[in-house]
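J.: Pasted the sequence and its predicted model underneath.
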Amino acid sequence: MEAKSWAPRRWPCPPGIVLVALASLFSCPLTPGQAKVYSRCELARVLQDFGLDGFRGYSLADWICLAYFASGFNTGAVDHEADGSTNNGIFQINSRKWCKTLDSSGPNMCQMHCFDLLDPDLKDSVICAMKITQDPRGLGSWETWRHHCQGIDLSDWVDGCDL
């Protein structure tokens, strides 16, 4: 009969790595549905249906340009900032001011959870983006829009789309 060893079993990974993996898993927001990457024209039609063409003086092409440079048309995009905030969804709306994370105590100006901004149906993203655009800076509230879209001919963004 063999004697069993009472020595502790070896972990396949050091415990520290397991904790880091678990922490990163739990820090990711749970999305209510699957993320979607829209095509340019598909997104243009959806945003037009939501009434964004001409909203606060911005063309549909402005919104499409913003969505492309912010998220690559990806509804599930989440970017983590150095200050601990996150940019969420197709318009990369920041949690510091506009939405609520599980551990944030910011003003939540859009009155929604940040994971709501990851939904492929875009309703919450559009509602929040419209609220942000009511700020005097308008779409200029997004650095991405200022750097890539402001002041240039954006007609190519909707060219060829059946709107």
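T.: Good, I have the coordinates.

J.: Could you verify that A67 is part of a strand?
T.: No - looking at A67 with DSSP: H, G, I helix; E, B strand; the rest coil, it is helix, so not inside a strand.

J.: does it really touch F73, like I thought?
T.: Yes - when contacts are counted by C-beta atoms under 8 Å, A67 is listed as touching F73 (5.6 Å). All C-beta spots, glycine's among them, are computed from the backbone N, C-alpha and C.

J.: Now the common contact residues for the two.
T.: Taking C-beta atoms under 8 Å, 6 or more residues apart in numbering as the contact rule, A67 and F73 both touch 38, 43, 90.

J.: more crowded one of A67 and F73?
T.: A67 (29 against 17; other C-beta atoms under 10 Å).

J.: Highest neighbour count among the shared contacts of A67 and F73?
T.: I90 leads the shared contacts of A67 and F73 on contacts (other C-beta under 10 Å) with 32 neighbours.

J.: That residue: what's it in contact with?
T.: 38, 43, 67, 70-71, 73-75, 77, 117, 122, 125.

J.: Figure out the helix or strand that it lives in.
T.: I90 is part of no helix or strand when elements are defined by DSSP states H and E.

J.: ok, so what distance separates it from D156?
T.: Between I90 and D156 the distance is 19 Å, computed by C-beta to C-beta, to the nearest Å.

J.: same question, F55
T.: 20 Å.

J.: So between these two, which is more surrounded?
T.: F55 (20 against 12).

J.: Am I right that the more buried one is in contact with K131?
T.: No - judged on C-beta under 8 Å, F55 makes no contact with K131 at a distance of 11.2 Å.

J.: Sort out which of the contacts of I90 are in helices and list them.
T.: When DSSP state H defines the helices, the subset of those inside them is 43, 67, 70-71, 125.

J.: Between which two of these is the distance greatest?
T.: L43 and A70 (11.8 Å; C-beta to C-beta).

J.: if we can go back for a sec, columns distance to A82 and pLDDT on top of the ones in helices among the contacts of I90, output as JSON lines?
T.: Shown next, in JSON lines, are the ones in helices among the contacts of I90 (distance: C-beta to C-beta, whole Å; pLDDT from 0 to 100):
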{"residue": "L43", "distance to A82": "29", "pLDDT": "98"}
{"residue": "A67", "distance to A82": "24", "pLDDT": "98"}
{"residue": "A70", "distance to A82": "18", "pLDDT": "98"}
{"residue": "S71", "distance to A82": "19", "pLDDT": "98"}
{"residue": "S125", "distance to A82": "24", "pLDDT": "98"}
